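1. Here is a sequence together with a model predicted from it:
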Amino acid sequence: MKALAALLLLAAAPAPVDHPRTYLVSIVNIPLKPTERFSAFSISTWGASFNAVCRIPGGWTVKAGGDATPEGVLEGNASVGATWLVDKDAKELRNFVLVTLDGPVQRHNIGAVPATFKGHVVIETADKSRRVRLTFANLSLKPASRCPTS
């Protein structure tokens, strides 16, 4: 009888959520010095389906999508220097894309299967620009079913 009660309790408990899961994506922790701003980003994805671009920073172009494979791309670039972003956690790139992941985030390439997210950001100063690598650590994922309303 105790075994039956335990089985009934397990059956009544909510099942753990498995993938696919939908998230709002933010770009965070951009390594900026006080005199630097960033003007572009490019992120290759694996196993991520883009549902919506929720917000586009003023003066930016954002492109998201993929083909019939698990590969995709999320890219953005500022049109002029006045629209470059100055904060390492720019509010314009918080919760700005809605994605569905086919599985857990894969942090690194494993054999022929690439990491879920990898790419670069372009950091600018008054006289030069440089590319800095982005990884899963530069993306914040917040569970969500739709874009924010404000």
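-> All right, it came through fine.
2. Kindly format the C-alpha coordinates of stretch 49-63 as PDB.
-> Extracted in PDB, the C-alpha atoms of stretch 49-63 (Å, rounded to 0.1, in the frame of the first residue of the first chain):
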ATOM      1  CA  SER A  49      14.900  28.800 -33.300                       C
ATOM      2  CA  PHE A  50      14.200  32.500 -33.400                       C
ATOM      3  CA  ASN A  51      10.600  33.300 -32.500                       C
ATOM      4  CA  ALA A  52      10.800  37.200 -32.500                       C
ATOM      5  CA  VAL A  53      13.100  40.100 -32.300                       C
ATOM      6  CA  CYS A  54      11.300  41.900 -29.400                       C
ATOM      7  CA  ARG A  55      13.300  45.200 -29.500                       C
ATOM      8  CA  ILE A  56      15.800  46.800 -31.800                       C
ATOM      9  CA  PRO A  57      18.000  49.600 -30.400                       C
ATOM     10  CA  GLY A  58      17.500  53.000 -32.100                       C
ATOM     11  CA  GLY A  59      19.800  53.300 -35.200                       C
ATOM     12  CA  TRP A  60      20.600  49.600 -35.300                       C
ATOM     13  CA  THR A  61      19.700  46.800 -37.700                       C
ATOM     14  CA  VAL A  62      19.100  43.300 -36.200                       C
ATOM     15  CA  LYS A  63      18.900  40.100 -38.200                       C
END
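3. Pull out the buried residues from it.
-> S49, F50, N51, V53, C54, R55, P57, W60, V62 (16 or more other CB atoms under 10 Å). For glycine as for every other residue, the C-beta is placed from the backbone atoms N, C-alpha and C.
4. looking at it, the fifth one is touching K142, isn't it?
-> No. Counting by CB atoms under 8 Å, K142 is not a contact partner of C54; they are 11.5 Å apart.
5. Determine the residues that are contacts of both of those two.
-> L24, N95 (CB atoms under 8 Å, 6 or more residues apart in numbering).
6. related to what we said a few turns ago, just give me the closest of the buried residues of stretch 49-63 to L98.
-> Among the buried residues of stretch 49-63, N51 lies closest to L98 (CB to CB), at 4.3 Å.
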